[in-house]
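>>> the amino acid sequence is not available; the structure is as follows:
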């Protein structure tokens with residue numbers, strides 16, 4: 001259980017930084033904000049992947065790609081709301 005949480009946090013941080021690098025424009029965020037955005041994006045990407053393709057929420061290579069897509073969606077929504 002603890003390893004799942006640690007992996008979730010690490011993937012969230014990585015996905016957050018990659019998503020911020022890919023998304024056009026500047027997003028002034030701290031390390032903690034980037035990690036939280038990455039973890040939220042990981043959840044969004046995992047949920048969308050499970051809804052579209054079916055199956056369980058599993059952390060793997062496709063989960064990382066889905067997490068980055070989720071981060072891009074979260075940053076897009078936040079920028080439209082005026083938060084980023």
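That came in fine, so what should we check first? Worth saying up front: this structure is predicted, and the values here are computed from it rather than measured. Residues are numbered from 1 along each chain as shown.
>>> pLDDT below threshold where in the protein?
When residues are selected by pLDDT under 70, those of the chain lie in 57-62, 83-84.
>>> residues contacting whichever helix in the chain runs longest, please?
The helix spanning the most residues in the chain, taking DSSP state H as the definition, is helix 31-53. The contact list for helix 31-53 (C-beta atoms under 8 Å, 6 or more residues apart in numbering) reads 8-9, 11-17, 19-20, 29, 55-57, 62-63, 65-75, 78. C-betas here are computed from N, CA, C, even on glycine.
>>> distance from it to the middle of the chain?
Helix 31-53 has its average C-alpha position 4 Å from the chain's average C-alpha position, going by C-alpha atoms, centre = their mean, to the nearest Å.
>>> burial count for residue 52?
Using other C-beta atoms under 10 Å as the criterion, residue 52 is surrounded by 9 other residues.
>>> distance check, it against residue 66.
Computed as C-beta to C-beta, to the nearest Å, the residue 52 to residue 66 distance reads 10 Å.
>>> then residue 51?
11 Å.
>>> which one's more surrounded, the two?
residue 66 (25 against 9).
>>> element containing that one?
Counting by DSSP states H and E, the element that carries residue 66 is helix 61-81.
>>> identify all contacting residues around that helix.
If you take C-beta under 8 Å, 6+ apart as the criterion, helix 61-81 is touched by 11-12, 14-16, 18-20, 22-23, 25, 27, 37-38, 40-46, 48-49, 57, 84.
>>> that helix: how far from the chain's middle?
Here helix 61-81 shows a centroid-to-chain-centroid distance of 5 Å under the convention C-alpha atoms, centre = their mean.
>>> and what of stretch 27-45?
With C-alpha atoms, centre = their mean as the basis, the mean position of stretch 27-45 lies at 6 Å from the chain mean.
>>> roughly how far apart are the residue most central in space within the chain and residue 6?
The residue at the geometric middle of the chain, judged as the C-alpha nearest the mean C-alpha position with C-alpha atoms, centre = their mean, is residue 41 (2.5 Å). Using C-beta to C-beta, residue 41 is found at 18 Å from residue 6.
>>> what do you get for residue 69?
Residue 69 is 22 Å from residue 6, by C-beta to C-beta.
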